[in-house]
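coords please:
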Amino acid sequence: MTIEEIRLSGLLEYYILDLLSESEKQEVEGYLQEFPELRKDKIDIENALHKYASAMGIEPR
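Okay, here's the model as predicted:
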């Protein structure tokens, strides 16, 4: 997979939300090592989800 395919796939979002199987998690962790640029994407997604949760009055774990 290319970095753009990974970004468009939604895998990072599912990874952050803990909605992946164990093998899919390992796959994403491999991508995070292979493409360091994805780490910033992951942090950006986490921050956006935290802001959304705060705006909705949801306490993130």
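
Give me the mean pLDDT for the longest helix anywhere in the chain.
Secondary structure of the chain per DSSP state H: the longest helix is helix 37-55. Mean pLDDT, helix 37-55: 93.

Identify all contacting residues around that helix.
Around helix 37-55, the neighbours that count as contacts under Cβ atoms under 8 Å, 6 or more residues apart in numbering are 3, 6, 7, 12, 13, 15, 16, 17, 31, 32, 59, 60. All C-beta spots, glycine's among them, are computed from the backbone N, C-alpha and C.

now do 10 Å
3, 6-7, 11-13, 15-17, 28, 31-33, 35, 58-61 (Cβ atoms under 10 Å, 6 or more residues apart in numbering).

Check which residues of that helix are buried.
Using 16 or more other Cβ atoms under 10 Å as the test for burial, helix 37-55 gives 38, 41, 42.

hang on, the earlier thing: which of the contacts of helix 37-55 are buried?
By 16+ other Cβ under 10 Å, the contacts of helix 37-55 give 6, 7, 11, 12, 15, 16, 28, 31, 32 as buried.
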